[in-house]
Structures are given as C-alpha cells and as structure tokens.
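K.L.:
With the sequence up front, the predicted model follows.
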Amino acid sequence: EVQLLESGGGLVQPGGSLRLSCAASGFTFSDHAMNWVRQAPGKGLEWVSAITSLDSSTFYTDSVKGRFTISRDNSKSTLYLQMKNLKAEDTAVYYCVKGQWLDPPWGQGTRVTVSS
Amino acid sequence: IQMTQSPSAMSASVGDRVTITCRASQDISGFLTWFQQKPGKVPKRLIYAASSLQSEVPSRFSGSGSGTEFTLTISSLQPEDLATYYCVQHHTYPFTFGGGTKVEIK
C-alpha cells in the first residue's frame, strides 16, 4: 500500500526557513518522480516543485524559484522541500505527490503558516 | 501553460448531467488529469490521461478531449459529488492547475 507521510510544517516568521519531509513507503521510491503541491487557505491547488527519478532534475513554479529547493534521498525513500525566505503567501498545506501523473493516494499534507 | 477552467462555480440538481471544461493555452496532447476535492478532504484523482477512469471511481464520471480543450462530465449528479473539481496539465513543467469548479447541489 502506497503511503506518503509529510512532516516539518509549522509556524514561521516572514523571512524564515523550514524543511519539509515526505516519508514514502509501499513502492519503489527511486523509480518515480515526486512533486510538492500546495493549497493556501480557501484557495485552489498549486503545483510547487518536482524532482525526476532518473537524474534528479528539478523544476519549480516561478513564485518559489531561488527560495525553495527540492531534493530526495532514495536510500531513505524520503522527499524534501527546503524553504527559505518564506513569505505570507507561502502559507498553505503542502502535499507530497508521487509520479508525473500525480498518482493517488496523496498524503494528508503538512501545514505551513508564515506569520509574525 | 495556462489552464482556464469553467465555470468557476455551478449549482445543479441530483440526476443532472454536469459538464466542466478546461482549456490549455497550448497543446498538451492528453496530459490532463482531473481531481475532486470534497470539503476538508485531500484531493482525489478521478481521471488521468484525459479520459482514463481511475480505479474505484464511479462510472458516472468521464473525461474527454485532447490538445487544448478538455471536458469532465458527470452523467447523473449525486449528492456525494458536492466538491470542487480541478484540472491539471502535466505535459510541461511547471505543471499548472485550473482555478477549480465548485459544484453545489440544488
């Protein structure tokens, strides 16, 4: 059974940093691209970042380029999102999502709140 | 790639046929997925590759389209279909979601 467990969210001041983690199980993690998708309170879904399986190429939405870094540790079946210089508009629930086709199931997400 | 979803909200009666449209700003072939998100819940994939029904999703849901225009159809709306529906293109990075369609039951 595929499981994705996000962690690392919390309350952080503007300009601060957080590192999100996603522990994956139930599939061969190294075989799959992985994504982060977020949802701000009361808003729609927004794709944030992806990392490929073969060569760990990385991709970002424009609003987070230069501030967020996605990475993976295949030996630990874990996905990361390092977030720096956080802004109020980064406040959201962050979901870790498997595959280029955004496969089910999604995890429950981890909440990030950027506020002073 | 911009994804324009319409309508942004709608109200329909149980048993109605519901159609939601998603338009891409450029050709995305069949790299289009539909999600359903019920209030307070995690998004659930309904349709992938534009027209393939996700396992365990009721057959009243269907998807069609290719290139730049796509449609999600609910053939007979049920009370449990109250949700917001999103399309997403995964043809080109950065992937992009449509703005969502909130479906309410009359």
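P.N.:
Thanks, I have the structure now.

K.L.:
Run through the residues of chain B sitting next to chain A.
P.N.:
Residues of chain B lying close to chain A (CB under 8 Å from any CB of the partner chain) are B:33, B:35, B:37, B:42-45, B:48-49, B:54, B:84, B:86, B:88, B:90, B:93-100. (C-beta placed from N, C-alpha, C; glycine too.)

K.L.:
Drop the exposed ones from these and show what's left.
P.N.:
Among the residues of chain B next to chain A, those that count as buried by neighbour count (16 or more other CB atoms under 10 Å in any protein chain shown) are B:33, B:35, B:37, B:42-45, B:48, B:54, B:84, B:86, B:88, B:90, B:93-100.

K.L.:
Please list all residues in contact with A:W47.
P.N.:
Residues in contact with A:W47 (CB atoms under 8 Å, 6 or more residues apart in numbering or on different chains) are A:N35, A:W36, A:V37, A:T61, B:V88, B:P94, B:F95, B:T96, B:F97.

K.L.:
List the backbone torsions phi and psi for it.
P.N.:
Phi and psi for A:W47, reported as degrees, to the nearest 10, are phi -70, psi 140.

K.L.:
what does A:D62 give?
P.N.:
Per-residue torsions, A:D62: phi -60, psi -40 (degrees, to the nearest 10).

K.L.:
Chain neighbours aside, what residue packs nearest to it?
P.N.:
In this structure, A:D62 finds its nearest non-sequential neighbour in B:P94, 7.2 Å apart by CB to CB, 6 or more residues apart in numbering or on different chains.

K.L.:
Does the one you found belong to a helix, a strand or coil?
P.N.:
Following DSSP: H, G, I helix; E, B strand; the rest coil, B:P94 is assigned to coil.

K.L.:
surely it meets A:F59?
P.N.:
Yes: contact criterion CB atoms under 8 Å: B:P94 and A:F59 qualify, at 6.1 Å.

K.L.:
near chain B, which residues of chain A show up?
P.N.:
Neighbours of chain B within chain A, by CB under 8 Å from any CB: A:35, A:44-47, A:50, A:59-62, A:95, A:100-109.

K.L.:
So how do I select the buried members of those in PyMOL?
P.N.:
In PyMOL syntax, the buried subset of the residues of chain A next to chain B is picked out as below (16+ other CB under 10 Å):
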select buried, chain A and resi 35+45+46+47+50+59+60+61+95+100+101+102+103+104+105+106+107+109
